[in-house]
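Q: Sharing a model prediction with you, sequence too.
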Amino acid sequence: MSIKKTLILAVAFLGVLLCSVGYSDSRHRTAVGKVAPAISLTHNDKTVSLEDLKGEYVVLTFWSATDAPSRRAVNIYTAWKRSHPRADFKVIGVNFDDSRTLFDEIVRRDGLNTSEQYFISGDEARAISDSYGLDGGFGSVLIGPDGKIVAHNPTEAQLTALVRQGPLRSISKALS
């Protein structure tokens, strides 16, 4: 094999290796049992952070108008929360659309709770995407009162089981 082909193969292998390490690192940071990466969001001069929400369960759902499953998920979690008003958890939607106007219109049309939805863009969007490993697509995480990730893309049945167990109790059985 020529030196040129060997060099090309070595560079290609190194590129694949670096990409896989970066991907696994971001997924590792959001593995079940890990402390959720810090996040602070502002909407209408109101800021919320995961640190502020310690002691509560939080469904953190990342969505975009161009990603139908993620848009459906934010609607499902919002509807579930409305049907369980006494549930001891928050729904926080983080939107990655390019247009604030589009975001506002979708929130209005879908009847989402405006106090639970946050539009982000630019450097803030890139930082959150990197922290939560969203380069492979949007999704949701359930964060426990201790700030640790309890589940990825929790189902309505899992959330219902959580509520039945009562506030701030372990939900490992509910998620099994």
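A: Structure received. Computed from a prediction, not measured in an experiment: that's the story for all the values here.

Q: quick one: the strands in the chain?
A: 40-43, 46-49, 57-63, 89-95, 117-119, 140-143, 149-152 (DSSP state E).

Q: Starting from Gly33, give me the distance back to the closest residue to Tyr118 other than its chain neighbours.
A: What sits nearest to Tyr118 in space, not counting adjacent residues and going by CB to CB, 6 or more residues apart in numbering, is Leu41, at 4.0 Å. Where C-beta positions appear, they are placed from N, C-alpha and C, glycine not excepted. According to CB to CB, to the nearest Å, Leu41 and Gly33 sit 24 Å apart.

Q: These two - which one has more neighbours?
A: Neighbour totals were compared for Leu41 and Gly33, and Leu41 leads with 19 against 8 (other CB atoms under 10 Å).

Q: Was I right to think that one contacts Ser49?
A: Yes - counting by CB atoms under 8 Å, Leu41 touches Ser49, with 7.4 Å between them.

Q: Just give me the neighbour total for Ala151.
A: Ala151 has 20 neighbours, counted by other CB under 10 Å.

Q: now do the one 10 residues further on
A: For Ala161, the count of nearby residues is 16 (other CB under 10 Å).

Q: What score does it have for pLDDT?
A: On the pLDDT scale, Ala161 is placed at 87.

Q: cool, the one 4 residues further on as well?
A: As predicted, Gln165 sits at a pLDDT of 78.

Q: Return stretch 104-116 as PDB; C-alpha atoms alone will do.
A: The C-alpha coordinates for stretch 104-116 follow below in PDB (Å, rounded to 0.1, in the frame of the first residue of the first chain):
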ATOM      1  CA  ASP A 104     -44.700  31.900  19.400                       C
ATOM      2  CA  GLU A 105     -47.200  30.800  16.800                       C
ATOM      3  CA  ILE A 106     -46.800  27.100  17.500                       C
ATOM      4  CA  VAL A 107     -47.100  27.700  21.300                       C
ATOM      5  CA  ARG A 108     -50.300  29.600  20.600                       C
ATOM      6  CA  ARG A 109     -51.800  27.100  18.100                       C
ATOM      7  CA  ASP A 110     -50.800  24.000  20.100                       C
ATOM      8  CA  GLY A 111     -52.100  25.600  23.300                       C
ATOM      9  CA  LEU A 112     -48.900  25.100  25.200                       C
ATOM     10  CA  ASN A 113     -48.400  26.700  28.600                       C
ATOM     11  CA  THR A 114     -46.300  29.800  27.700                       C
ATOM     12  CA  SER A 115     -44.700  29.800  31.200                       C
ATOM     13  CA  GLU A 116     -43.200  26.300  30.500                       C
END
